[in-house]
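# what shape does this take:
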Amino acid sequence: MARIVLKIDVDTLRGTREGVPNLARLLERAQANATFLFSLGPDHTGWALRRVFRPGFLKKVSRTSVVEHYGIRTLLYGTLLPGPDIGRRAAAEMQAIAHAGFETGIHTWDHVYWQDNVRHRDRAWTERQLDLAHARFREVFGASPATYGAAGWQGNAYALQKLDAWGMRYASDGRGRGPYRPIVAGRTLQHVQMPTTLPTFDEVLGVDGVDASNVERRLLALTEADRDQVFTLHAELEGQKLAPAFSRLLDGWRAQGHQLVSMGDYHATLDLAALPAYSFAWGEIPGRAGELIVQP
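Purely as a prediction, here's the structure:
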């Protein structure tokens with residue numbers, strides 16, 4: 001029986017307040033486990049509009065209806081409206097997820113700021129952003145985070161080294177084929193990377209006739225084989241407008257006989273001594289603009 005690891009990225013205040021509780025209800029109905037990764041600082045989603053000049057960005061926006069999924073107000077945060085502090089204003093929603101028994105971890109401090117800057121920043125900047133997120137996580141949950149997943153699959157060598165310094169055993173920062181240990185500056189790190197292996201909803205929507213009425217079929221076609229997979233979903237999409245499609249996907253995976261698990265559940269099954277090691281690398285993924293952290 002294969003495992004589908006459900007990794008939920010929570011990017012915005014609206015996603016935390018509305019999408020996260022919706023997803024929890026869907027998961028409980030399907031008797032599925034999952035890991036929720038939270039953005040813990042300011043919501044500056046509006047800053048992402050500066051990406052309009054990046055190759056591929058407008059094409060992606062036109063396919064996924066950003067305004068419909070995120071809402072006008074969220075898209076004004078950081079521009080015409082001040083960016084609200086997610087960790088301060090939505091702590092109760094985050095805590096409810098932990099109380100319900102789901103695994104929680106860090107996604108980022110400031111999602112857009114991290115995603116648009118981290119690749120070329122130094123150690124001091126990187127560690128400052130991570131330390132802010134870590135401190136807020138402890139403030140909200142009263143404990144250290146078990147895991148981490150980089151915002152926008154963006155990071156740098158200093159970020160990976162920081163995960164080891166925190167003593168984290170596993171994270172999911174990039175895209176790839178299966179679990180491995182990352183190599184940075186010629187040294188194999190201790191934590192395990194469990195990359196996202198399946199395309200996301202927003203990467204396949206609008207391609208080859210895929211829409212909200214049938215998007216789950218595209219994913220189910222990729223999980224017919226008896227092979228472990230990691231799927232990343234977003235509270236702002238699958239937790240809101242695309243919730244019906246995600247519900248059908250959960251039902252489809254259960255019909256295929258898969259176990260629906262958290263990152264921690266999956267890590268507990270791995271033969272750590274047999275894992276390969278790969279150097280930190282960048283690459284492109286179909287349906288997503290720009291380069292991401294990838295498994296070579």
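# now do the one helix or strand residue 293 maps to: everything it contacts.
The secondary structure element spanning residue 293 is strand 291-294 (assigned by DSSP states H and E). Strand 291-294 is touched from outside by 150, 152-155, 173-176, 195, 280-285, with contacts defined as C-beta atoms under 8 Å, 6 or more residues apart in numbering. The C-beta positions use only the backbone N, C-alpha and C, and glycine is treated the same way.
# buried ones in that strand?
When neighbours are counted by 16 or more other C-beta atoms under 10 Å, the buried residues of strand 291-294 are found to be 292-294.
# now do the strands in this protein.
Counting by DSSP state E, the chain forms strands over residues 3-10, 35-39, 103-108, 170-171, 181-184, 187-188, 192-193, 229-234, 259-261, 277-279, 281-284, 291-294, given from the N-terminal end onward.
# and those strands as JSON lines, adding mean pLDDT and distance to residue 138?
JSON lines is the format used below for these (pLDDT from 0 to 100; distance: least, C-beta to C-beta, whole Å):
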{"stretch": "strand 3-10", "mean pLDDT": "98", "distance to residue 138": "17"}
{"stretch": "strand 35-39", "mean pLDDT": "99", "distance to residue 138": "12"}
{"stretch": "strand 103-108", "mean pLDDT": "98", "distance to residue 138": "10"}
{"stretch": "strand 170-171", "mean pLDDT": "98", "distance to residue 138": "17"}
{"stretch": "strand 181-184", "mean pLDDT": "98", "distance to residue 138": "25"}
{"stretch": "strand 187-188", "mean pLDDT": "98", "distance to residue 138": "28"}
{"stretch": "strand 192-193", "mean pLDDT": "98", "distance to residue 138": "23"}
{"stretch": "strand 229-234", "mean pLDDT": "98", "distance to residue 138": "24"}
{"stretch": "strand 259-261", "mean pLDDT": "98", "distance to residue 138": "25"}
{"stretch": "strand 277-279", "mean pLDDT": "98", "distance to residue 138": "30"}
{"stretch": "strand 281-284", "mean pLDDT": "98", "distance to residue 138": "31"}
{"stretch": "strand 291-294", "mean pLDDT": "98", "distance to residue 138": "26"}
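# out of those, which gets nearest to residue 97?
For the strands of the chain, proximity to residue 97 was assessed by C-beta to C-beta; strand 35-39 is nearest, at 5.1 Å.
# quick one: list the elements packing against that closest one.
Under the contact definition 3 or more C-beta pairs under 8 Å, 6 or more residues apart in numbering; DSSP states H and E, strand 35-39 sits against strand 3-10, helix 86-89, helix 91-99, strand 103-108.
# so which of these comes closest to residue 272?
From those, taking C-beta to C-beta, the stretch that ends up closest is strand 3-10, at 16.1 Å.
# name the helices or strands packed onto that closest one?
When contacts are defined as 3+ C-beta pairs under 8 Å, 6+ apart, strand 3-10 packs onto helix 20-29, strand 35-39, strand 229-234, strand 259-261, helix 263-267.
# what angle separates it from strand 103-108?
Strand 3-10 and strand 103-108 meet at an angle of 50 degrees, taking axes from the mean of the first three to the mean of the last three C-alpha atoms, to 10 degrees as the criterion.
# can you list the weak-confidence ranges in the chain?
Scanning the chain for pLDDT under 70 picks out 47-82.
# 50 instead, please
Judged against pLDDT under 50, the low-scoring parts of the chain cover residues 52-63, 67, 69.
# contacting residues for the nearest residue to residue 266 once chain neighbours are set aside?
Excluding its sequence neighbours, the residue lying closest to residue 266 (C-beta to C-beta, 6 or more residues apart in numbering) is residue 5, at 4.7 Å. Contacts for residue 5 (C-beta under 8 Å, 6+ apart) come out as 35, 194, 228-231, 261-263, 265-266.
# now residue 111
Under the criterion of C-beta under 8 Å, 6+ apart, the neighbours of residue 111 are 11-12, 39, 43-45, 151-152.
# how about those in TSV, adding neighbour count and distance to residue 26?
As requested, the contacts of residue 111 are exported to TSV (neighbours: other C-beta atoms under 10 Å; distance: C-beta to C-beta, whole Å):
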residue	neighbour count	distance to residue 26
11	28	18
12	28	19
39	30	20
43	27	23
44	20	28
45	28	23
151	25	23
152	20	24
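# how much space between residue 119 and residue 27?
33 Å (C-beta to C-beta, to the nearest Å).
# these two: who's more crowded?
Using other C-beta atoms under 10 Å, the more surrounded residue of residue 119 and residue 27 is residue 27, with 22 against 14.
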